[in-house]
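K.L.:
Sequence and computational prediction follow.
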Amino acid sequence: MIWTKRSYLIVGGVLLIEITVAAASLTHANPPMTLPNRTAIHVQLDQTLASDQSRSGDRFDARVYEPIVVDGKTVVPEGARVTGRVVNARKAGRLRGVARLQLALASVEVNGRTYELQTSTSYRRGGNHNRRNLAFIGGGAGGGMLIGAIAGGGKGALIGGPVGAGAGVAAAYFTADKNIHLPVETRLTFELAQPVSIESKS
């Protein structure tokens, strides 16, 4: 092919148009939006979490149920997929030991891109056994003494007390459940511990 002045002009014109279009698209592209420190992220669990089933380091899935808006622009839309991790999980003991469940967010997916997150933790602490256990054990001892007294007088009461207390301990052991259960669709709120920049949709 013989290049003429006209050929050079045509190729140059095409290249100029392509460069102009590319520059215009870059000019009109939305710059990344920065979510500042302490921005609240409201999520809804896609699975059940429990202090007696989850383990530290486990991953969990959730979805954003309230969009995050900055300067009138939706940066993180409702329904955005979020992943989190179990920071700490401890099941409740039957007679002592308080349940704990501590969660944090790890990432969010926006417009097909995944952004890492560093957030505060959502911390739940189970109830204490002490008062309930005392009621079971004390009630068992009292009942044992009463039955023992009816059956055998004073001596029977002395025998019945410890037996009843043992029954109370057994009742406390088999009926106590102070574990933390977060069912599907439980709503939790986290806060960003570090700012994150997210490309907003054009």
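P.N.:
Thanks, I have it.
K.L.:
right, and the helix or strand after the worst-scoring helix or strand of the chain on mean pLDDT?
P.N.:
Sorted by mean pLDDT, DSSP states H and E, the helices and strands of the chain end with helix 130-175, the least confident at a mean of 47. Downstream of helix 130-175, the first helix or strand assigned by DSSP states H and E is strand 181-182.
K.L.:
what lines up beside that next one in the sheet?
P.N.:
Taking DSSP bridges as the criterion, strand 181-182 forms sheet pairs with strand 49-50 (antiparallel).
K.L.:
Give me the below-cutoff pLDDT ranges for the chain.
P.N.:
1-30, 94-96, 127-177, 201-202 (pLDDT under 70).
K.L.:
Give me the domain ranges for this structure.
P.N.:
32-127+178-199, 130-175 (automatic domain parsing).
K.L.:
how long is the longest one end to end?
P.N.:
With CA to CA, to the nearest Å applied, domain 32-127+178-199 spans 4 Å between its terminal residues.
K.L.:
Please, which helix or strand holds the closest residue to S120 other than its chain neighbours?
P.N.:
Excluding the flanking residues, the one nearest S120 by CB to CB, 6 or more residues apart in numbering is E191, at 4.5 Å. Placement of C-beta: from N, CA and C, glycine included. Taking DSSP H and E as the criterion, E191 maps to strand 187-191.
K.L.:
Mind giving me the packing neighbours of that strand?
P.N.:
Applying 3 or more CB pairs under 8 Å, 6 or more residues apart in numbering; DSSP states H and E, one finds that strand 187-191 contacts strand 40-45, strand 100-110, strand 122-125.
K.L.:
if we go to 10 Å?
P.N.:
strand 40-45, strand 59-64, strand 81-90, strand 100-110, strand 122-125 (3 or more CB pairs under 10 Å, 6 or more residues apart in numbering; DSSP states H and E).
K.L.:
Format those strands as CSV; extra columns: distance to K178 and mean neighbour count.
P.N.:
Compiled in CSV, these are given as follows (distance: least, CB to CB, whole Å; neighbours: other CB atoms under 10 Å):
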stretch, distance to K178, mean neighbour count
strand 40-45, 21, 19
strand 59-64, 22, 18
strand 81-90, 11, 19
strand 100-110, 11, 20
strand 122-125, 10, 15
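K.L.:
Looking at those, spot the one closest to N179.
P.N.:
strand 100-110 (8.7 Å; CB to CB).
K.L.:
helix or strand right after the closest one?
P.N.:
strand 113-116.
K.L.:
Surely L105 touches T39?
P.N.:
No. Using CB atoms under 10 Å, L105 makes no contact with T39, being 11.4 Å away.
K.L.:
Which residues are in contact with each of the two?
P.N.:
Taking CB atoms under 10 Å, 6 or more residues apart in numbering as the contact rule, L105 and T39 both touch T119, F190, E191, L192.
K.L.:
Return the set of residues that bridge with the second one.
P.N.:
Taking DSSP bridges, one finds I41 as the beta-bridge partners of F190.
K.L.:
To what extent is it buried, counted in neighbours?
P.N.:
The local packing of F190 (other CB atoms under 10 Å) involves 21 other residues.
K.L.:
Test my guess that it contacts V87.
P.N.:
No. The pair F190 / V87 is not scored as a contact, 11.4 Å apart, by CB under 10 Å.
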